[in-house]
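Peer 1: prediction below, plus the sequence it came from.
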Amino acid sequence: MSAGPTSETRTIVPPPLTEMLATLRARHALVANGGGAGMRERHETRGKIMVRERIDLLLDAQTPFLELSPLAAWGLYGNEVPGAGIVTGIGVVSGRACMLIANDATVKGGSFFAETVRKHLRAQEIAEEHRLPCLYLVDCGGAFLPEQDRVFPDRDHFGGSFYNQCRMSAAGIPQISLVFGGCTAGGAYIPALSDEVIMVKGTGRIHLGAPPIVKAAIHEIVDGETLGGAEMHTQVSGVSDHLVETEMEGLAKLREIVGSLGEIGRLGPSPYPSVPPRLDAAELEQIVPTDLRRPYDVREVIARIVDDCSFNAFKPDYGATLVTGFARIHGYAVGIIANNGVLFSESALKGAHFIELCDQRQIPLIFLQNITGFMVGTAAERGGIAKHSAKLVYAVSNARVPKYTVLIGGSYGAGNYGMCGRGFRPRFLFSWPNARIATMSPEVAANVVTELRRQSLKGAADKAAIADLDRRTRAQFEEQSDPYYATARLWDDGIIEPAQTRDVLGLCLSLAAGEARDTSPRPVYRM
């Protein structure tokens, strides 16, 4: 009787999607608590409102808020920096879509870690691309000094956020700050570089050097209010433009300012009526397997996110492992590219053709990724898979229309590139909780690495050493392909529930719907 698989080589069976969703919701709830009960109590005894409550009070009633990367820094720093200490997202304020960038002072005093900087920069990147007014709800302690080498000196570190502010302001994209708490050192430049600034009396402070720094640098002893309080900056220095007595008054003033911005940020209506799918999106929990080795028909996913389940397939009988076609989401026309298996040469050519059609017709593209990669082997190489896959990558890279990507399963190898991974600048990229992203799956990676080791040892392979290498490789790839590992490092814009996909994409599409496009002629090559 043969022995079963050892613990080192046994494939990990993922939990069902319903269990993954429960985990996702629990982690979102944990992050929403900020720095915990003790820090919350301390925050509120100072008369301050929690960051997400500030956002709720600022937004127009009964309008959505698309929070970005809420699980940034998950699992890092002993999980003591929930959400990377900052909340970013898109919401409607006084009838205008705005980017909100709000420090959570209950998390390390609102200080900036490496992931905080990345999250801040990503929010500004989205705002610049969509010309969204930036509203900074500032309660920031500047750079977290023990992490200064990962926060301060490089191009895409803290200084990059100030560069972005300056460039957006010069481009006519409003930059407005409401200062709730201390803004020290680099944190002082967030309001200082804004077009308009509101400060809350008694708690709002702005100073390049806090009292301890002033004492150490020039031996001056001064209290924080005298040095950089709201009254001083509004009445003496002119750094602040508006003085308010309370946070509620400050939020009302910010709404008033946004209401006077003119037409920037206005969302145009969708060109067609929004028709809900005839099939229930909740069924995706049963349709989509979490074991990525199990195939399923991606058209079942498409049917539950597009208007009226209506999908006009393009070349359905050619390159069938890539599903392409036209549809609408919340009344916006889209071209959808989705995986139904490995990408062959025919699939790549079909994808390139379809992308160029959408680009010529000014139709945004949505990529639904569940891809092991491009086909390998002698037949594939002789058939030109390298040049044909390159054509798909080329078409993705040069498409002028907005692109949106959702990882609904695996995202492996060059398949990630051909299906518009993060490196190909989609407007937004979201993941489902069952998604995995890596150069290859843990099983394939372990086989590749152990085979290379066997070849290098030329027959003298130590079975125990090979088994240990197999175990370590699988463990590494399991950990690093996990969606929480990815979202913690901001490789996506957040993990969303499958049933939310339609509404999330609808909001993203609305942001780009009225923008000017490059309509210069461009031919369609059938490749």
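Peer 2: Nice, I can see it.
Peer 1: buried stuff in the worst-scoring helix or strand of the chain on mean pLDDT?
Peer 2: Among the helices and strands of the chain, helix 442-457 carries the lowest confidence by mean pLDDT, DSSP states H and E, at a mean of 81. Across helix 442-457, burial judged by 16 or more other CB atoms under 10 Å covers 442-446, 449-450, 453. All C-beta atoms are positioned from the backbone trio N, CA, C, and that covers glycine.
Peer 1: make a markdown table from the residues you listed and add distance to Asp482 to it.
Peer 2: Formatted as a markdown table, the buried residues of helix 442-457 follow (distance: CB to CB, whole Å):
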| residue | distance to Asp482 |
| --- | --- |
| Pro442 | 10 |
| Glu443 | 15 |
| Val444 | 17 |
| Ala445 | 14 |
| Ala446 | 16 |
| Val449 | 19 |
| Thr450 | 22 |
| Arg453 | 25 |
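Peer 1: Ile366: what secondary structure?
Peer 2: At Ile366 the chain is in strand, as set by DSSP: H, G, I helix; E, B strand; the rest coil.
Peer 1: could you measure from it over to Pro433?
Peer 2: Separation of Ile366 from Pro433 (CB to CB, to the nearest Å): 19 Å.
Peer 1: all helices of the stretch 251-400 of the chain, in order?
Peer 2: Assigned by DSSP state H, counting those that start in this stretch, the stretch 251-400 of the chain shows helices spanning 284-287, 299-303, 345-361, 378-382, 385-398.
Peer 1: hang on, Leu469 packs against Glu451?
Peer 2: No - judged on CB atoms under 8 Å, Leu469 makes no contact with Glu451 at a distance of 10.5 Å.
Peer 1: one step back: so which of Ile366 and Pro433 has more stuff around it?
Peer 2: Each of Ile366 and Pro433 has its neighbours counted (other CB atoms under 10 Å); Ile366 has more, 27 against 24.
Peer 1: list the contacts of the more buried one.
Peer 2: By CB atoms under 8 Å, 6 or more residues apart in numbering, the contact list for Ile366 reads 329, 334-337, 403-406, 505.
Peer 1: ok, these vs Gln286, which is closest?
Peer 2: Val406 (18.7 Å; CB to CB).
Peer 1: give me the number of residues near the closest one?
Peer 2: By other CB under 10 Å, 26 other residues sit near Val406.
Peer 1: assign a three-state SS to it, would you?
Peer 2: strand.
Peer 1: state the distance from it to Gly89.
Peer 2: Relative to Gly89, Val406 is positioned 18 Å away (CB to CB).
Peer 1: same check on Phe180?
Peer 2: Counting by CB to CB, the gap from Phe180 to Gly89 is 17 Å.
Peer 1: neighbour count winner among these two?
Peer 2: Phe180 (28 against 23).
Peer 1: got phi/psi on that one?
Peer 2: Dihedral pair for Phe180: phi -100, psi -30, per degrees, to the nearest 10.
Peer 1: show me the contacts for it.
Peer 2: Taking CB under 8 Å, 6+ apart as the criterion, Phe180 is in contact with 48-49, 54, 105, 137-139, 200, 203-204, 247, 250.
Peer 1: can you pick the most crowded of those residues?
Peer 2: So for these (other CB under 10 Å), the most neighbours sit at Gly204, 31 neighbours.
Peer 1: so that residue sits against Ala188, correct?
Peer 2: No - taking contacts as CB under 8 Å, Gly204 lies outside contact range of Ala188: 11.5 Å.
Peer 1: would you mind listing where the stretch 151-300 of the chain has pLDDT under the threshold?
Peer 2: Within the stretch 151-300 of the chain, no range satisfies pLDDT under 70.
Peer 1: in stretch 399-410, which residues are buried?
Peer 2: By neighbour count on 16+ other CB under 10 Å, the buried set for stretch 399-410 is 399, 401-410.
Peer 1: now for those residues, which pair is the farthest apart?
Peer 2: Val401 and Gly410 (25.6 Å).
Peer 1: so Ile305 sits against Glu283, correct?
Peer 2: No - the pair Ile305 / Glu283 is not scored as a contact, 11.6 Å apart, by CB under 8 Å.
Peer 1: these two - which one has more neighbours?
Peer 2: More crowded of Ile305 and Glu283, by other CB under 10 Å: Ile305, with 30 against 14.
Peer 1: for the more buried one, which non-adjacent residue is closest in space?
Peer 2: Using CB to CB, 6 or more residues apart in numbering and skipping the chain neighbours, the partner closest in space to Ile305 is Arg502 (4.2 Å).
Peer 1: phi, psi for that neighbour please.
Peer 2: According to degrees, to the nearest 10, Arg502 has phi -60, psi -50.
Peer 1: so who does it touch?
Peer 2: Arg502 neighbours (CB under 8 Å, 6+ apart): 277, 281, 304-306, 329-330.
Peer 1: Leu100: what secondary structure?
Peer 2: At Leu100 the chain is in strand, as set by three-state DSSP.
Peer 1: so what's it up against?
Peer 2: By CB under 8 Å, 6+ apart, the residues touching Leu100 are 55, 58, 65, 87-91, 135, 137.
Peer 1: can I have the buried ones of those residues as a ChimeraX selection?
Peer 2: Those of the contacts of Leu100 that count as buried under 16+ other CB under 10 Å are selected in ChimeraX with:
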select :55,58,65,87,88,89,90,91,135,137
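Peer 1: rebuild the contacts of Leu100 as CSV, extending it with pLDDT.
Peer 2: Listed next are the contacts of Leu100 as CSV, based on pLDDT from 0 to 100:
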residue, pLDDT
Ile55, 98
Leu58, 98
Phe65, 97
Val87, 98
Thr88, 98
Gly89, 98
Ile90, 98
Gly91, 98
Leu135, 98
Leu137, 97
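Peer 1: tell me the one of the contacts of Leu100 nearest His353?
Peer 2: Looking across the contacts of Leu100 and measuring by CB to CB, the closest to His353 is Ile90, at 33.0 Å.
Peer 1: distance of the closest one from Ala281?
Peer 2: Using CB to CB, one obtains 21 Å as the distance from Ile90 to Ala281.
Peer 1: what does Arg150 give?
Peer 2: 40 Å.
Peer 1: comparing these two, which residue is more hemmed in?
Peer 2: Ala281 (19 against 16).
Peer 1: and that one, how far from Leu66?
Peer 2: Computed as CB to CB, the Ala281 to Leu66 distance reads 17 Å.
Peer 1: tell me how many other residues crowd Trp432.
Peer 2: 27.
Peer 1: what helix or strand is the spatially closest residue to Pro82 that is not a sequence neighbour located in?
Peer 2: Once flanking residues are discounted, Pro82 sits nearest to Val31: 4.3 Å by CB to CB, 6+ apart. Element membership for Val31 (DSSP states H and E) is helix 17-32.
Peer 1: show me what that helix is packed up against.
Peer 2: When contacts are defined as 3 or more CB pairs under 8 Å, 6 or more residues apart in numbering; DSSP states H and E, helix 17-32 packs onto helix 284-287.
Peer 1: pull out the buried residues from the helix it packs on.
Peer 2: Those would be 284-285, 287, for helix 284-287 by 16+ other CB under 10 Å.
Peer 1: contacts for it, please.
Peer 2: Residues from elsewhere that reach helix 284-287 (CB under 8 Å, 6+ apart): 16-18, 21, 296, 300-301, 304, 498-499.
Peer 1: chain center to that helix, what's the gap?
Peer 2: Its chain's average C-alpha position is 24 Å from that of helix 284-287, according to CA atoms, centre = their mean, to the nearest Å.
Peer 1: now do Lys458, the pLDDT please.
Peer 2: Note on Lys458: pLDDT of 62.
Peer 1: now do Glu8
Peer 2: On pLDDT, Glu8 comes in at 44.
Peer 1: hang on, Pro277 packs against Arg304?
Peer 2: Yes - the pair Pro277 / Arg304 is scored as a contact, 5.3 Å apart, by CB under 8 Å.
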